[in-house]
Every structure is written in C-alpha cells, then in structure tokens.
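Colleague: I would like to see how this sequence folds:
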Amino acid sequence: MARILIIDDEELLRETIAQVLDDAGFETREASDGEEGIDKFRKSPSDLVITDILMPTKEGIETIRELRRLSSGVKIIAMSGGGHLLKTSYLDVARQLGANVVLKKPFEMRALLDAVNTCLEAAER
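Modeller: Residues are numbered from 1 along each chain as shown. Below you'll find the predicted structure:
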C-alpha cells in the first residue's frame, strides 16, 4: 500500500483528499504546512507527497526543494489555487523544482486520483 503525505493549510480540502485516497486504498497522513510536512516526512518517508504551494510557515516551493534534498525518488504533486495572476507561474516553478505533476485548484478528485496513480506507476518502473 502506497503511503501519501498531504500538505495543505486548507483543512477541509486536506481532509477531503485524505478521505478520497483512503477510500481508494492508500495510506495517508496530513500536515497543515510545509514545516509540519517535512517533519513528518523525515520521521516516516512517503512514496508520494501532495503539497499546496501557497501556505503559511513554509510554502510549497520551499517544501518541494527540501523534499528533493531529502529524497530524489519521492513523487510530488503540487497544487495551487491562490493568486490568479501568478498561479500558473507558481506551478511552473514547482515543476522545474521537481514536482512530477501540477494541478490548478479547483480540480476534480478523479483528476487527482489519476495523477496519484500515474506517479505511483512511474515509481514502480
């Protein structure tokens, strides 16, 4: 069973994503910001990390950078809905720093599940 860490300061979205992934058979953990997420990842690495970009304390770009330093093999999905003018550029930067998939909020949970499965299948190859 793949282990997935979900990092997002929006509690309702984070819990919804966790529920969808739990129902799909994944093991999930949650963190409310990048600092908490990195701490949880250090204690128990995940196969996949789903992170928001705009968060307090440690934002997603810095979180992705640190995740890549800790584990070059971890799969990362970055998501953002903040800053209508800058949303695309944040996601572009996330991809350049090593996010395997980027999603613009709002997105359908089916799109997230497809992205999760694609990332994890690529990891198995």
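Colleague: dump the C-alpha coordinates for the longest helix anywhere in the chain into PDB.
Modeller: Of all segments of type helix in the chain, defined using DSSP state H, the longest is helix 109-124. Output for helix 109-124, consisting of C-alpha atoms alone and laid out as PDB, is shown next (Å, rounded to 0.1, in the frame of the first residue of the first chain):
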ATOM      1  CA  MET A 109     -11.000  14.400  -7.400                       C
ATOM      2  CA  ARG A 110     -10.800  12.000 -10.400                       C
ATOM      3  CA  ALA A 111      -8.000  14.100 -11.800                       C
ATOM      4  CA  LEU A 112      -6.100  13.900  -8.500                       C
ATOM      5  CA  LEU A 113      -6.600  10.100  -8.400                       C
ATOM      6  CA  ASP A 114      -5.400   9.800 -12.000                       C
ATOM      7  CA  ALA A 115      -2.300  11.900 -11.100                       C
ATOM      8  CA  VAL A 116      -1.600   9.800  -8.000                       C
ATOM      9  CA  ASN A 117      -1.900   6.500  -9.900                       C
ATOM     10  CA  THR A 118       0.300   7.900 -12.800                       C
ATOM     11  CA  CYS A 119       3.000   9.000 -10.300                       C
ATOM     12  CA  LEU A 120       3.000   5.700  -8.400                       C
ATOM     13  CA  GLU A 121       3.000   3.600 -11.600                       C
ATOM     14  CA  ALA A 122       6.000   5.500 -12.800                       C
ATOM     15  CA  ALA A 123       7.800   4.800  -9.500                       C
ATOM     16  CA  GLU A 124       7.300   1.100 -10.000                       C
END
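Colleague: for the spatially most central residue of the chain, give me the pLDDT.
Modeller: With the centre of the chain defined as its mean C-alpha position, the nearest residue by CA atoms, centre = their mean is Ile50, 1.3 Å away. According to the per-residue confidence, Ile50 scores 99 in pLDDT.
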